[in-house]
Every structure is written in structure tokens, then in C-alpha cells.
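Novice: got a predicted structure plus its sequence, pasted below:
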Amino acid sequence: MIDIINKAKSEHDLTKDEIIFLLSCEDGSLIFKAADEIRKQYVGDEVHLRALIEFSNICRCNCVYCGLRSQNRDVERYRLSKKQILESAQKAADFGYKTIVLQSGEDVFFTADYLAEIIKEIKNLDVAVTLSIGERTFEEYKILKDAGADRFLLRIETTDKKLYEKCHPNANFENRVRCLRDLKKLGFETGTGCLVGLPEQTIESLADDILFFKDLDADMIGIGPLIVHPHTPLKDKPNGNFDLALRVMSLTRLLMPDINIPATTAMETLNPQGRIIALQSGANVVMPNLTDNDARIKYEIYPNKAGINYTELSEKLSQIGRTISCTKGFRGNKNSPLSLNPSPAGRGKNVNLARTLRKNMTPQETKFWNLVRNNQFQNIKFKRQYPIGPYIVDFIAIQHMLVVELDGGGHNTDSQQKYDIERAKYITSRGFKILRFWNNDIDNNIEGVFETISQTLRDSN
Ligand code: SAM
Ligand code: SF4
């Protein structure tokens, strides 16, 4: 188990079987601790607060778990006016929130054009805008993006297609995935996530969910345990399991170290300390609800939704050594080793390429990797095929700001040398030192290679 956790910590990659093992093992405490360490290393101690405004509980969908489903006649429906939404947004901005989350049922009254007007006004408050309004067409998402929306939350809920379609009558799994890919394409910081505890959901499918998040290169992941609503078809089912939801969240942090992960309200609803426990197990975001009381009680996706007392939260955060962020909190915090990459879109592409390269290493790269992996060399953490901006370096020791490159004969040509110079300029401009070795050195003088690395580290200390 420790080996798998260490692998997750250093490579941020696990096989499906390894994920299943960690989701099913008896005690999750080492997973939670590892996720907390990686959270600290990559996104720091700041907690980002996002102000949530639930502006309509009218929904055309009929999700079997949700109290807002269209067939629930026991809910009093409401829709905030544009003026009310803007007043809530102003209140949030005055309070110091840097992100406003507009969430609703799938309410077609709010056309993309109408929402665009609202978004443009909210953007004047110098805040980031996150939308959580369900499925729309590419063209509609584009209108929202062009109006200035920064982020979009759309949980996949489950990647088990059969289960998805059972839980979402008349909905289509492929369309859900299409929406998420469109959002990424349009440059939204894209959030997704899953519900833990759906009837018939398997550990295997939860492992698939985590792999899906990684494949999508999602920027935010919200994991919530299912909380049964008495006016839904799931009324006789048990709630989701807190520990399992926490594990899914922690493993997501281990595999996606630089993303934003909320400590969800559902976690706090299920466990009175759930939010703080989640923040100590990989989460770095909290979403206080700023919806006016009248509306808030009608936005009952599940019963007894936990609230947040701001003073209590800030006291609890300082007790656990965390601070409230005063930035908009986009992915790729300046201090994170992964912020070396340029735009979310560029990073996505490079991460995928890096993955492919890792699978196709040269014999010399494999030899070097086998000698440095798992901190074997002077306890230094090396990573391989690592994206820095538009480039991918062979090996990197981030803590020591050191890049190691292995060259074959192809680097002799003029054009390649020009490219290498530009590349080196870029990488050194980010504060890295580059050591280059010929494949021949790796084959015939590996001791010399390691001596040069040691000497360089000594010189820079
Ligand atoms: N209608 C939009 C959507 O579905 O994406 C946004 C609002 S919806 C209420 C936000 C999230 O609430 C959903 O993604 C779902 O996972 C969660 N949710 C709904 N019912 C729930 C329940 N009974 N227990 C836990 N989470 C629930
Ligand atoms: Fe509507 Fe969202 Fe609830 Fe589904 S989860 S019924 S889409 S509000």
C-alpha cells in the first residue's frame, strides 16, 4: 500500500487496479495524509472561497437523486430576477469574495443571451464568474464564455454509462461528455466530479471516474457523497459513505496535484467536521452560500444542507494552519511547480504529450530513470517527461530547479541547435539550470553523469 501511495505522490499516475486497491483497503488515513502533503506542496495553504448564488431552482431534468428534479411537486419553485442576482453578487464582492458562482437547475428561462448580460455586469465587480447551470450547446457555452464567464462546473456524476442513464431519465451520457469537452475547448476552467453512493455504483466505476477526471484534465473536481432526498425515487436508499467519498477526493488530489478541489457541502452535511476533514485530506476550496435565506431553503437538492458561519470557518482554518486567499484562485498557483506551464489549454496538450513520451522512452532514458526514480539518487525527487511551458524536458528535480536532458545524435543539425537554444533560453528564464548529457555518457559513463549532477547541486547550495 505504501509503495502505491508513494508512486501516486511522485508520479501522479496510478493504474485502475492500484486505484481500486486504495479505494478498497481497510484504512484510508495514509491516503488522506499523502493527499494533504501534495495539496500543500502544489497549491499551498491558502483556501479559496467561492460565493455561491443559487438563482433558480426550476429544472427541466429529472435526476433520480435530486430534490429539484422536475417531477418533485413538493418543492416551491423560484427564480431570482436579474436585479436580485446582481444585488447578491454585489454583496459578495463587497464582502471580499473574488469568485461568484451562479448555480441553478436547468432553467431554460435563462437563455445564454440573458445570462451573458448578467455575467457582463458581474464582471464589472472584478471577480471571477463560475457557472453551474447544466447542459447547453457549444454555441450557448460560447456566448457565456465570450461574455466573460471564467469557469464552469458540470459533474459527470458517474462514468458508468448504464448507471448514468438510469439516474438521468431521458439524458444521454455522450452528451454530458460532449458538454465537458466543449467547455474545455472553449477555454473555461472546467470543473467536474462525481456522486459517491449511487445505487449499484461499483468501486471499479469510481476508479474510472478518477481516470476520467485526469483524462479530461479537469481544472476543478467536486466529489460529494449522495444524500438521500425523501421526495425522490432514491428515498429508501442509504446515504453515500463519507470515508469512500473522501478517498475518491484524496486520490484525485494525488493524481491531479495542482487542481482546485472543494470541500463540498455534502461532506459537511454527512459529517459535522466533514469540511475541515476534507480540507486536511486534499481540498483547498470552500463555497459559502450567499443566496438569500428565502430562496436558499427552497434550493433543497438534499435535506439539512450544511451552512457556513464565516467567523467560525476562518477560526477553524487558522487552527489548522490555513489562510483565506484573496486572489481569484485560478488553477496554476504561481508557487505551484506545475504553474510552469502556460495556459490551461497548452498545459492540457503538453500533459497528454508528456504522457505519451513517458510510455516511449529511449533505452538511455529508461536506464537513467531506473536509477533515479523513487528518490533513489541522494533522496532527490526526479520526474520524467515534464512539461515546462511549450516544452517537455526529459527529467526534472523541481525542488533543486534542475533539468536533466539526454541527447542523441539528432541534436547536431543546425535547425535542431537553433531550436535547442530557444528552448534552453525559455527554460533557464524560468529559473532552471539545465544539464545535458549524451546518450553515450549514459551508456558508458553513468558514474560521471551522477558526479556532474552531484557537483552541480553542491555548487548551487
Ligand atoms: N443543475 C446543475 C447540474 O446538475 O449540473 C447544477 C446544480 S446541481 C444541484 C449541482 C450538483 O448537486 C449536481 O452535480 C449533483 O451532483 C449534486 N446533487 C444533487 N442532488 C444531490 C444529492 N441528493 N446528494 C448529493 N449531491 C446532490
Ligand atoms: Fe436539475 Fe441539477 Fe438537480 Fe439534476 S442535479 S435535477 S440537473 S438541479
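Specialist: Looks like it came in fine. Ligands and ions are numbered 1, 2, ... in the order given.
Novice: which residues of this structure lie near ligand 2?
Specialist: Counting by CB under 6 Å from any ligand atom, the chain comes close to ligand 2 at 59, 61, 63, 66, 68-69, 105-106, 134, 301. C-beta coordinates here come from the backbone N, C-alpha and C atoms, glycine included.
Novice: buried sites along the helix or strand harbouring residue 435?
Specialist: Following DSSP states H and E, the helix or strand that holds residue 435 is strand 433-438. In terms of neighbour count (16 or more other CB atoms under 10 Å), strand 433-438 has its buried residues at 433-434, 437-438.
Novice: so what secondary structure elements neighbour it?
Specialist: Strand 433-438 is packed against strand 402-407, helix 414-429, helix 446-460, with contacts defined by 3 or more CB pairs under 8 Å, 6 or more residues apart in numbering; DSSP states H and E.
Novice: which stretches of the stretch 301-450 of the chain have low pLDDT?
Specialist: Counting by pLDDT under 70, the stretch 301-450 of the chain has low-confidence residues at 333-359, 409-413, 415.
Novice: average pLDDT across the strand or helix carrying residue 83?
Specialist: Assigned by DSSP H and E, residue 83 belongs to helix 82-95. In this model, helix 82-95 has a mean pLDDT of 94.
Novice: likewise stretch 273-283?
Specialist: Regarding stretch 273-283, the rounded mean pLDDT is 97.
Novice: about what we covered before: winner for burial among the helices and strands packed on strand 433-438?
Specialist: strand 402-407 (a mean of 20; mean count of other CB atoms under 10 Å).
Novice: adjacent strands (with direction) for it?
Specialist: strand 391-397 (antiparallel), strand 433-438 (parallel) (DSSP bridges).
Novice: contacting residues around it?
Specialist: With CB atoms under 8 Å, 6 or more residues apart in numbering as the test, strand 402-407 has contacts from 362, 364-365, 368, 382, 388, 393-397, 427, 432-439, 442, 453, 456-457, 460.
Novice: pick the one among the buried residues of strand 433-438 closest to ligand 2.
Specialist: Checking these against ligand 2 by CB to the nearest ligand atom gives residue 434 as the nearest, at 49.2 Å.
Novice: can you tell me how far residue 443 is from residue 98?
Specialist: For residue 443, the distance to residue 98 equals 53 Å [CB to CB, to the nearest Å].
Novice: of those two, which one has the most company?
Specialist: Using other CB atoms under 10 Å, the more surrounded residue of residue 443 and residue 98 is residue 98, with 19 against 11.
Novice: over to that one: give its phi and psi.
Specialist: Main-chain dihedrals, residue 98, degrees, to the nearest 10: phi -110, psi -10.
Novice: and what of residue 28?
Specialist: Dihedral angles of residue 28 (phi, psi; degrees, to the nearest 10) stand at phi -90, psi 0.
Novice: distance from the helix holding residue 83 to the middle of the chain?
Specialist: 27 Å (CA atoms, centre = their mean, to the nearest Å).
Novice: go through that helix and flag the buried ones.
Specialist: Buried residues in helix 82-95, counting neighbours by 16+ other CB under 10 Å, are found at 84-86, 88-89, 92-93.
Novice: if we can go back for a sec, got the angle for the strand holding residue 435 vs helix 414-429?
Specialist: In terms of direction (axes from the mean of the first three to the mean of the last three CA atoms, to 10 degrees), strand 433-438 departs from helix 414-429 by 150 degrees.
Novice: helices or strands up against the helix or strand where residue 243 lies?
Specialist: Taking DSSP H and E as the definition, residue 243 sits inside helix 242-255. On a contact count with 3+ CB pairs under 8 Å, 6+ apart, helix 242-255 meets helix 2-11, helix 16-24, helix 29-43, strand 189-196, helix 203-216, strand 220-225, helix 265-270, helix 274-279.
Novice: next, format those as a markdown table and append distance to residue 319.
Specialist: Formatted as a markdown table, those follow (distance: least, CB to CB, whole Å):
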| stretch | distance to residue 319 |
| --- | --- |
| helix 2-11 | 26 |
| helix 16-24 | 28 |
| helix 29-43 | 15 |
| strand 189-196 | 27 |
| helix 203-216 | 30 |
| strand 220-225 | 24 |
| helix 265-270 | 16 |
| helix 274-279 | 9 |
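Novice: make JSON lines out of the ones you listed and add mean neighbour count and distance to residue 406.
Specialist: What follows is these, written out as JSON lines (neighbours: other CB atoms under 10 Å; distance: least, CB to CB, whole Å):
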{"stretch": "helix 2-11", "mean neighbour count": "16", "distance to residue 406": "19"}
{"stretch": "helix 16-24", "mean neighbour count": "17", "distance to residue 406": "28"}
{"stretch": "helix 29-43", "mean neighbour count": "20", "distance to residue 406": "26"}
{"stretch": "strand 189-196", "mean neighbour count": "26", "distance to residue 406": "35"}
{"stretch": "helix 203-216", "mean neighbour count": "20", "distance to residue 406": "27"}
{"stretch": "strand 220-225", "mean neighbour count": "27", "distance to residue 406": "35"}
{"stretch": "helix 265-270", "mean neighbour count": "24", "distance to residue 406": "45"}
{"stretch": "helix 274-279", "mean neighbour count": "22", "distance to residue 406": "41"}
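Novice: got TSV for those, with distance to ligand 1 too?
Specialist: Rendered in TSV, the data for the helices and strands packed on helix 242-255 read as follows (distance: least, CB to the nearest ligand atom, whole Å):
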stretch	distance to ligand 1
helix 2-11	25
helix 16-24	19
helix 29-43	21
strand 189-196	5
helix 203-216	12
strand 220-225	5
helix 265-270	5
helix 274-279	12
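Novice: what sits against residue 23?
Specialist: 203, 206-207, 244, 247-248, 251.
Novice: run the last query once more with 10 Å
Specialist: Residue 23 makes contact with 31, 196, 203-204, 206-207, 210, 244, 247-248, 251 under the criterion CB atoms under 10 Å, 6 or more residues apart in numbering.
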